[in-house]
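Colleague: Dropping the sequence and predicted coords here.
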Amino acid sequence: MNASADEPLLLTPGPLTTSRAVKEAMLRDWGSRDQAFIGMNRAVLDQLAALAGGSGMVAVPMQGSGSFAVEAMLGTFLPPYGRLLVCVNGAYGSRMVDMVRRHGRSVTVLEQPEDQPTDVAALDRMLAADPAITHVAVVQCETTSGILNPVEDVARTVAARGRSLLIDAMSAFGALPLDAGAVPFDAMAASSNKCLEGVPGMGFVVAREQALAACAGQAPALCLDLQAQHEAMVKTGQWRFTPPTHVVAALAQALAQHRAEGGVAGRGARYRENCRILVEGMRALGFATLLDDAVQAPIIVTFRMPDAPGFSFERFYEALRQRGYAIYPGKLTVAPSFRVGCIGALGAEQMRAAVAAIGEVAAEMGLARPAAA
Ligand SMILES: *Cc1c(COP(=O)(O)O)cnc(C)c1O
């Protein structure tokens, strides 16, 4: 893929740049009751469960964007008598709080600044102090800032306190490891888009089958009931309602490419290199990252908005867009910022070209480079 103003590379948290082969996988129609579709769908779900650690885990798909899968996960798993503790350090954590409130369920919040990872000691104290908390939710990579939360430590703490863990792994799944065999959790949500590099249109939840079976009849929404969706899939091989057939076909192709790249390790290595090129290049141009390197996930990087008289984000964005690169505004409360993604069907060559384009635009706008050392 090369950058062009007609079809820009998407340096965003999603939708993302996809390969030509993934787009071409959508060039036919599939009947949802056709054995060919049922077989392809089964293979996709089995691969998703295997990616999350396999044994005892099942993947359940959900139509819609990633948030639909997160809302289905929270609604299905949290019982009416339950209480959810949500670890919040960005917009996606806050969204989970809003979802559970809307479901009329009880929720407690561990809230932290957007540039700080989840405080596991504070979580442990809250679990010790409130026996009514039944479940904990955490975001693996909080895409609001790009911060990596210590999901393994969170999982161990939650398990030690005998509670159940639900993970929003949306922007990490497929690139950062999360293995149910090593890290105890009951369910995690992700989507076809993001690090799997499929097209947007479906989410999925990988769940411990035993835990899911105990959730029958619990979901507050008919469509967002993962237990019912799973039961239908076991009985008939079919989704309950019209499946996004082309999205499933594209995901089957995307998963083949993921395997060919070396799975989670290979995909993660490409993104880490993308991230390194971006951060080093941007720092050389005088831009500062929001996060410390130690907590930066190789998914999306937040840069502080330059504090220079000639700088306007709208003009910066438009000039980059004209050169074939779409970046993303920040949505932080701690500092004015913008974000540049490292994920999607992009490699070192595209990242270097993107940094070069940013350098040209910065020079045009009269941004001073840092003084040479
Ligand atoms: C992208 C994302 C979601 C889902 O967002 P949608 O716009 O609904 O696809 C949820 N959580 C995280 C952490 C994300 O990055």
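Modeller: Nice, I can see it. Numbering: from 1, shown residues only.

Colleague: Those residues of this structure touching the ligand, which are they?
Modeller: 13-14, 65-67, 70, 92, 139, 143, 168, 170-171, 191 (Cβ under 6 Å from any ligand atom). (C-beta placed from N, C-alpha, C; glycine too.)

Colleague: quick check, nearest of the residues you listed to V205?
Modeller: Taking Cβ to Cβ as the measure, V205 sits nearest to V70 out of the residues of the chain next to the ligand, at 8.5 Å.

Colleague: Provide a list of residues in contact with the closest one.
Modeller: Y92, R95, M96, M99, D168, M170, A189, G203 (Cβ atoms under 8 Å, 6 or more residues apart in numbering).

Colleague: ok, 6 Å please
Modeller: D168, A189 (Cβ atoms under 6 Å, 6 or more residues apart in numbering).

Colleague: thinking again about what came up before, give me the subset of the residues of the chain next to the ligand lying in helices.
Modeller: Counting by DSSP state H, the part of the residues of the chain next to the ligand found in helices is G66, S67, V70, Y92.

Colleague: so where does R283 fall, helix or strand?
Modeller: For R283, the element it lies in under DSSP states H and E is helix 263-284.

Colleague: any idea how far the residue nearest to M351 when sequence neighbours are not counted lies from Y328?
Modeller: Nearest residue to M351, sequence neighbours excluded (Cβ to Cβ, 6 or more residues apart in numbering): I277, at 4.3 Å. According to Cβ to Cβ, to the nearest Å, I277 stands 18 Å off from Y328.

Colleague: can you count the residues close to V295?
Modeller: Neighbour count of V295, defined by other Cβ atoms under 10 Å: 16.

Colleague: start the count at 10, not 1, going forward
Modeller: Okay, using 10 as the starting number, the last item reads as V304.

Colleague: pLDDT score for it?
Modeller: Note for V304: predicted pLDDT of 97.

Colleague: which residues sit in contact with it?
Modeller: Each residue near V304 by Cβ under 6 Å, 6+ apart is listed here: P126, I156, L157.

Colleague: what does E151 give?
Modeller: E151 touches N98, G99, Y101, counting by Cβ under 6 Å, 6+ apart.

Colleague: Under a three-state scheme, what state does the closest residue to the ligand within the stretch 210-359 of the chain occupy?
Modeller: Taking Cβ to the nearest ligand atom, the ligand has its nearest neighbour within the stretch 210-359 of the chain at G212, 7.1 Å off. Following DSSP: H, G, I helix; E, B strand; the rest coil, we place G212 in the strand state.

Colleague: mind checking how far Q121 is from V310?
Modeller: 20 Å.

Colleague: More neighbours: which of those two?
Modeller: More neighbours surround V310 than the other of Q121 and V310, with 25 against 19 (other Cβ under 10 Å).

Colleague: Quick check: the more buried one is in a strand.
Modeller: Yes - with three-state DSSP as the criterion, V310 is part of a strand.

Colleague: I figured it hits I156, correct?
Modeller: No - look at V310 against I156 with Cβ atoms under 6 Å: they stay out of range, at 10.6 Å.

Colleague: E327 - how many residues pack around it?
Modeller: For E327, the count of nearby residues is 12 (other Cβ under 10 Å).

Colleague: Wasn't it part of a helix?
Modeller: Yes - counting by three-state DSSP, E327 is found in a helix.

Colleague: tell me the phi and psi of G350?
Modeller: For G350, the backbone dihedrals (degrees, to the nearest 10) come out as phi -80, psi 150.

Colleague: Distance check, it against R330.
Modeller: Distance from G350 to R330, by Cβ to Cβ: 15 Å.

Colleague: which of the two has more neighbours?
Modeller: G350 (29 against 13).

Colleague: what residues are up against that one?
Modeller: Contacts of G350 by Cβ under 6 Å, 6+ apart are L20, T21, P22, I309.

Colleague: Now do the helices for the stretch 260-382 of the chain: every range, in order, please.
Modeller: Here the stretch 260-382 of the chain has its helices, by DSSP state H, counting those that start in this stretch, at 272-293, 322-331, 357-373.

Colleague: quick revisit: format the residues of the chain next to the ligand as a markdown table; extra columns: pLDDT and distance to Q305.
Modeller: Shown next, in a markdown table, are those (pLDDT from 0 to 100; distance: Cβ to Cβ, whole Å):
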| residue | pLDDT | distance to Q305 |
| --- | --- | --- |
| P22 | 87 | 14 |
| G23 | 86 | 18 |
| S74 | 97 | 25 |
| G75 | 98 | 21 |
| S76 | 98 | 24 |
| V79 | 98 | 23 |
| Y101 | 98 | 17 |
| V148 | 98 | 15 |
| T152 | 96 | 12 |
| D177 | 98 | 18 |
| M179 | 98 | 17 |
| S180 | 97 | 13 |
| S200 | 98 | 22 |
